[in-house]
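Participant: Quick one, fold the following:
(chains A and B)
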Protein chains: 2
Amino acid sequence: MRRLLKQLKTTLAELSDLHAISAVLDWDQQTYMPPMGADDRGNQLATLARIRHKRATAPALGRLLDKLAVQTRDLDPDSDDACLVRVSKREYEKTTRIPSSWVSEFARLTTLAQSSWIEARREANFARFLPDLQRIIELRRAYAGFFPPSAHIYDPLLDDFEPGMKTAEVQAIFNALRPEQVALVKAIASQPAVDTSFLTREYPEQSQWEFGLDVIQRFGYSLQSGRLDRAAHPFCTSFGMNDVRITTRFNPNWPSSAMFGTMHETGHALYDLGFDPALARTPLASGASMALHESQSRMWENLVGRSLPFWKFFYPRLQSIFPGQLGEVSLESFYRAVNRVQPSFIRVEADEATYNLHIMLRMELEIALMEGSLEAKDLPAAWNQRFEEYIGLTPPNDRLGVLQDIHWSGGMFGYFPTYALGNLVSAQLWEKINQDIPDLTGQVEQGQFGALREWLRQNIHRHGSKFEPQELIRRVTGSGITPQPYLRYLKAKYSSIYSLG
Amino acid sequence: MRRLLKQLKTTLAELSDLHAISAVLDWDQQTYMPPMGADDRGNQLATLARIRHKRATAPALGRLLDKLAVQTRDLDPDSDDACLVRVSKREYEKTTRIPSSWVSEFARLTTLAQSSWIEARREANFARFLPDLQRIIELRRAYAGFFPPSAHIYDPLLDDFEPGMKTAEVQAIFNALRPEQVALVKAIASQPAVDTSFLTREYPEQSQWEFGLDVIQRFGYSLQSGRLDRAAHPFCTSFGMNDVRITTRFNPNWPSSAMFGTMHETGHALYDLGFDPALARTPLASGASMALHESQSRMWENLVGRSLPFWKFFYPRLQSIFPGQLGEVSLESFYRAVNRVQPSFIRVEADEATYNLHIMLRMELEIALMEGSLEAKDLPAAWNQRFEEYIGLTPPNDRLGVLQDIHWSGGMFGYFPTYALGNLVSAQLWEKINQDIPDLTGQVEQGQFGALREWLRQNIHRHGSKFEPQELIRRVTGSGITPQPYLRYLKAKYSSIYSLG
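Facilitator: Have a look, this model is predicted:
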């Protein structure tokens, strides 16, 4: 068994290296690559993907995993080796079910669809994207068919992002969440608007940069094993446990964008930096799921970064950097401004109170498309009708509606729900953390984040993807994902900010 | 034949992609990688190297090349396809002659030797490096033995950098060059020293950066397909024909360093950007040899960048950027300062008149080590004796002597001569260019470099490595590499600057 495990780890280490290498190429493409380098980069990434796919689906790897599954049966199921065999076998079996003809067709089509979506969005012309979208939906339905029959056609799609999670579970969670969150937004809408005018003043980029860097270094992100760079779309990427980089973008007339975006990506980065080093160069050195990953980014962005204790410490610093812009603005006014609730069309600009509604709408439409109860051509109407119902606005055009997100053009059905689940998990963990660290608020008020970071590392980060997300959350909080903590958090926060009854 | 050629190109394209990918990882490591990322990066590069080596030496590739060598016999030998088969077959046959046990041992040993050399250099303690160096020399002698018997044991080593070139040819060239260059340096040494004091004033980095970027963009280097970044050791690297990047370093008290270093790397970059696009993703998309590559960098750095016509155009611009530092310094004084000849210990700081002497000394010692006529333990004494003879100085310690260069710790015997050959080729081409573009001086005085760049592209760049270097130079200038043009250039330039008889 030792010998076979060693052999497995060698194979997985090479696969892990190839994955990291693709990430480096992608990072470079999004940060520093000169514009004309795109074609060459495309070739390089395609070559890497082919090499990696061939190795990841090699029959010899399958046989090795079969043998090891038997031989590791008596190991502690929580041990690294048992988890490694289990997770690798699961991944191998999923990957090898997908015919390579499907993989090429999907790659070809999503490349084309990306262009047609960009055109369609620019022209606010859904018809232009429709034929590609229809074909993508067909392919995704075919994809679900490669797996053993499941309770719902959406299950295999969801499983790619939330291992083990079922559509019915997510629907139950969202059904409990939706009415309460809709009601909260309505209650807020009846209150006077919060003043955010001072956030539209001129905030020079270099000063925003310096403030952001100070914050995330206090969070515990180090430039010894990380970097902050500019990119059109903020992201976090990992090249190994000691090289996890983030990017951000700046709006000189809206400092919230870079400020909270940088904290958000740092939340992701701290997760990737916190895996047990024993998991290095294995598939276990990754987050447990997209929702778990998002719970980390949202926690640092919102539960920490948009909290009053946080700003008690950081607001005087921010004022000293921007005396002309904020010198006369009180802490309370600033805190309310960065927490303003305002129903709006675009998901990525949504506040905490409305964000999940954007997500639930998308998941419902995805499910209807997969089930066949909604046709792609009827998507804009279905979008607008539901948008009015949940958020109280009607998109004036499809650019501000159904065409706003890149996900569908890339065939990423099943991804959206993880954003909302991440919000729920962040609050669920936060309640537990506050029990375990009773002085947490006091520490945040002092700009101290060491105990919080260490708690996350011990309870979440170090396990990597050893456990399925629901299992991990249950081990830590005593229950699977539940919407109640998030609702408690939202209600408490906004009752205070908006003086709700 | 068409089918087999297509198959070959597919294989070579993937090898070319893997090579480019390694270059991206290396560029990142030298520019932006956070310090703790080094171990992960080492794993990634090693994995890539293994994958690439396996594919480059696959027996199926050998069989394909054998078949194609027969089938392409009747093609025009200058055609892209004929050259591709010829060059690929040559490369394949060289690579497969080297046992993989030698490759691993060489990789292992040079990694160790790199550390012992760094230590040895820091302590100026040759004894510390000696055991590793002895073993590297043994390995390099063994390497020569893998190839068919040659006229000289140094031939197979030289051939890795200058395909087709023989030791005897280089020796003949250097034997003609050495006495004349030694005499020139002596004559200069008897003249009054040139004043360079104003070059040691404070030159802020950002302004140096802007001046350098202006110069190389006028040379024709575009940020659409290139980048300028900072790195500890300046270099040029290529990720394909539309993404060729350079780096530079700044010394705030010696602007020559970044100024001429940036022009030098741009010379390399313009070569890599100038290959015929039809050669993309094949082994022909590379310079014909190290000497040819160096001829391009030295031409832009020295024949263009250190010329009086160049500074007639750029000096007023430089003065306007640095009015306090250069406002009172005449063009003539500045031109003399950046061309000062001063025998010194360190090769990379050497001026044009002494540089080749540093190289010839190294090649002679390398040959003696390979022949066995010099033992590694006697290297410092041999170095110092020859240094005194050629350059007129005796190194006070081995850090300023035999330990200064990284090459031998990396096992790179056979590389040094290409630096001097590159200088000779640059002048040889320059004479031909001035015949073909009679108004070249006038154009340079106007900051116009389009005709020069186009000449280089048509005559040198576009061919990539289709032809062996001596063959290419003969086609362009009518003769193989000869030292006379470089000697004529040096004598004319320094007779004027130093008022020699």
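Participant: how about stretch A:362-371: buried residues?
Facilitator: A:Arg362, A:Met363, A:Glu364, A:Leu365, A:Glu366, A:Ile367, A:Ala368, A:Leu369, A:Met370 (16 or more other C-beta atoms under 10 Å in any protein chain shown). For glycine as for every other residue, the C-beta is placed from the backbone atoms N, C-alpha and C.
Participant: And for stretch A:349-366?
Facilitator: Buried, per 16+ other C-beta under 10 Å, within stretch A:349-366: A:350-366.
Participant: Mind listing residues that contact it?
Facilitator: If you take C-beta atoms under 8 Å, 6 or more residues apart in numbering or on different chains as the criterion, stretch A:349-366 is touched by A:154, A:157, A:170, A:174, A:177-178, A:181-182, A:184-185, A:188, A:302, A:306, A:339-344, A:347, A:374, A:379, A:382-383, A:386-387, A:390-391, A:405, A:413-414, A:416-417, A:419-420, A:423, A:490, A:493-494.
Participant: can you do 6 Å?
Facilitator: For stretch A:349-366, the surrounding residues in contact (C-beta atoms under 6 Å, 6 or more residues apart in numbering or on different chains) are A:174, A:178, A:181, A:184-185, A:302, A:341, A:343, A:347, A:386, A:390-391, A:413, A:416-417, A:419-420, A:423, A:490.
Participant: Go through the residues you listed and flag which are in helices.
Facilitator: A:174, A:178, A:181, A:184-185, A:386, A:390-391, A:417, A:419-420, A:423, A:490 (DSSP state H).
Participant: Quick check: residues of chain A near chain B?
Facilitator: A:14, A:17, A:20-21, A:24-25, A:34-37, A:40, A:43-44, A:47, A:224-227, A:239-240, A:242-243 (C-beta under 6 Å from any C-beta of the partner chain).
Participant: what's the distance between the spatially closest residue to A:Glu202 that is not a sequence neighbour and A:Met263?
Facilitator: Nearest in space to A:Glu202, with sequence neighbours left out and distances taken as C-beta to C-beta, 6 or more residues apart in numbering or on different chains, is A:Pro252 at 5.9 Å. Taking C-beta to C-beta, to the nearest Å as the measure, A:Pro252 falls 19 Å from A:Met263.
Participant: longest helix anywhere in chain A?
Facilitator: Secondary structure of chain A per DSSP H: the longest helix is helix A:2-31.
Participant: So which residues of chain A form strands?
Facilitator: Here chain A has its strands, by DSSP state E, at A:228-230, A:236-238, A:244-248.
Participant: With mean neighbour count as extra columns, can I get those in a markdown table?
Facilitator: Listed next are the strands of chain A as a markdown table, based on neighbours: other C-beta atoms under 10 Å in any protein chain shown:
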| stretch | mean neighbour count |
| --- | --- |
| strand A:228-230 | 16 |
| strand A:236-238 | 23 |
| strand A:244-248 | 26 |
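Participant: Now do A:Val182, the pLDDT please.
Facilitator: The pLDDT attached to A:Val182 in the predicted structure is 94.
Participant: So for A:Pro252 and A:Met263, which residue has more residues nearby?
Facilitator: Shown here are A:Pro252 and A:Met263; by other C-beta atoms under 10 Å in any protein chain shown, A:Met263 has more neighbours (26 against 14).
Participant: In the stretch 51-200 of chain A, which residue sits closest to chain B?
Facilitator: Closest contact between the stretch 51-200 of chain A and chain B, by C-beta to the nearest C-beta, is at A:Ile51 (6.5 Å).
Participant: burial count for that residue?
Facilitator: Neighbour count of A:Ile51, defined by other C-beta under 10 Å: 20.
Participant: Repeat that for A:Arg386.
Facilitator: When counting by other C-beta under 10 Å, one arrives at 16 neighbours for A:Arg386.
Participant: Then A:Gln458?
Facilitator: When counting by other C-beta under 10 Å, one arrives at 13 neighbours for A:Gln458.
Participant: Please name the residues that touch the residue nearest to A:Glu202.
Facilitator: By C-beta under 6 Å, 6+ apart, the neighbours of A:Pro252 are A:Glu202, A:Tyr203, A:Glu205.
Participant: Ramachandran angles for it?
Facilitator: The phi and psi values for A:Pro252, taken as degrees, to the nearest 10, are phi -60, psi -20.
Participant: Now do the phi/psi pair for A:Gly439.
Facilitator: Quick fix: residue A:439 is Asp, not Gly. According to degrees, to the nearest 10, A:Asp439 has phi -90, psi 20.
Participant: Taking helix B:2-31 as reference, get the angle to the longest helix of chain A.
Facilitator: Inter-element angle recorded for helix A:2-31 and helix B:2-31: 80 degrees (by axes from the mean of the first three to the mean of the last three C-alpha atoms, to 10 degrees).
Participant: any chance you could map the helices in the stretch 1-150 of chain A?
Facilitator: For the stretch 1-150 of chain A, helices defined by DSSP state H, counting those that start in this stretch occupy the ranges A:2-31, A:38-56, A:59-71, A:80-97, A:100-123, A:126-145.
Participant: Show me what the one helix or strand in chain A whose mean pLDDT sits lowest is packed up against.
Facilitator: Sorting the helices and strands of chain A by mean pLDDT, DSSP states H and E puts helix A:100-123 at the bottom, at a mean of 91. Applying 3 or more C-beta pairs under 6 Å, 6 or more residues apart in numbering or on different chains; DSSP states H and E, we find helix A:100-123 packed against helix A:126-145.
Participant: switch to 10 Å and redo it
Facilitator: For helix A:100-123, the packing partners by 3 or more C-beta pairs under 10 Å, 6 or more residues apart in numbering or on different chains; DSSP states H and E come out as helix A:38-56, helix A:126-145.
Participant: Any stretches of the stretch 401-501 of chain A with poor pLDDT?
Facilitator: Residue ranges of the stretch 401-501 of chain A with pLDDT under 70: none are present.
Participant: Contact partners for whichever residue of it sits closest to chain B?
Facilitator: Closest to chain B within the stretch 401-501 of chain A is A:Gly464: 15.6 Å, counting by C-beta to the nearest C-beta. A:Gly464 is in contact with A:80, A:83-84, A:87, A:241, A:271-272, A:274-276, A:278-280, A:282-288, counting by C-beta atoms under 10 Å, 6 or more residues apart in numbering or on different chains.
Participant: So it versus A:Gln30, what's the distance?
Facilitator: In terms of C-beta to C-beta, A:Gly464 sits 25 Å off from A:Gln30.
Participant: I'd like the strands of chain A laid out as a markdown table, including mean pLDDT and distance to B:Asp74.
Facilitator: Putting these into a markdown table (pLDDT from 0 to 100; distance: least, C-beta to C-beta, whole Å) gives the following:
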| stretch | mean pLDDT | distance to B:Asp74 |
| --- | --- | --- |
| strand A:228-230 | 97 | 54 |
| strand A:236-238 | 98 | 51 |
| strand A:244-248 | 97 | 54 |
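Participant: Tabulate those (CSV), appending distance to A:Pro131.
Facilitator: Below are the strands of chain A laid out as CSV (distance: least, C-beta to C-beta, whole Å):
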stretch, distance to A:Pro131
strand A:228-230, 36
strand A:236-238, 33
strand A:244-248, 33
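Participant: closest to A:Gln7 out of these?
Facilitator: In terms of C-beta to C-beta, the element of these nearest to A:Gln7 is strand A:236-238, at 25.2 Å.
Participant: Kindly spell out which helices and strands sit in contact with the closest one.
Facilitator: Strand A:236-238 sits against helix A:2-31, strand A:244-248, helix A:256-273, helix A:290-298, with contacts defined as 3+ C-beta pairs under 10 Å, 6+ apart.
Participant: roughly how far is the third one from the heart of the chain?
Facilitator: Pointing back at helix A:256-273 there. In terms of C-alpha atoms, centre = their mean, to the nearest Å, the centre of helix A:256-273 is found 11 Å from the chain centre.
Participant: With adjacent residues omitted, what lies nearest to the most centrally placed residue in chain A?
Facilitator: With distances taken as C-alpha atoms, centre = their mean, A:Glu294 lies nearest the centre of chain A, 4.0 Å away. Distances taken as C-beta to C-beta, 6+ apart place A:Gly422 nearest to A:Glu294, at 2.5 Å, with adjacent residues excluded.
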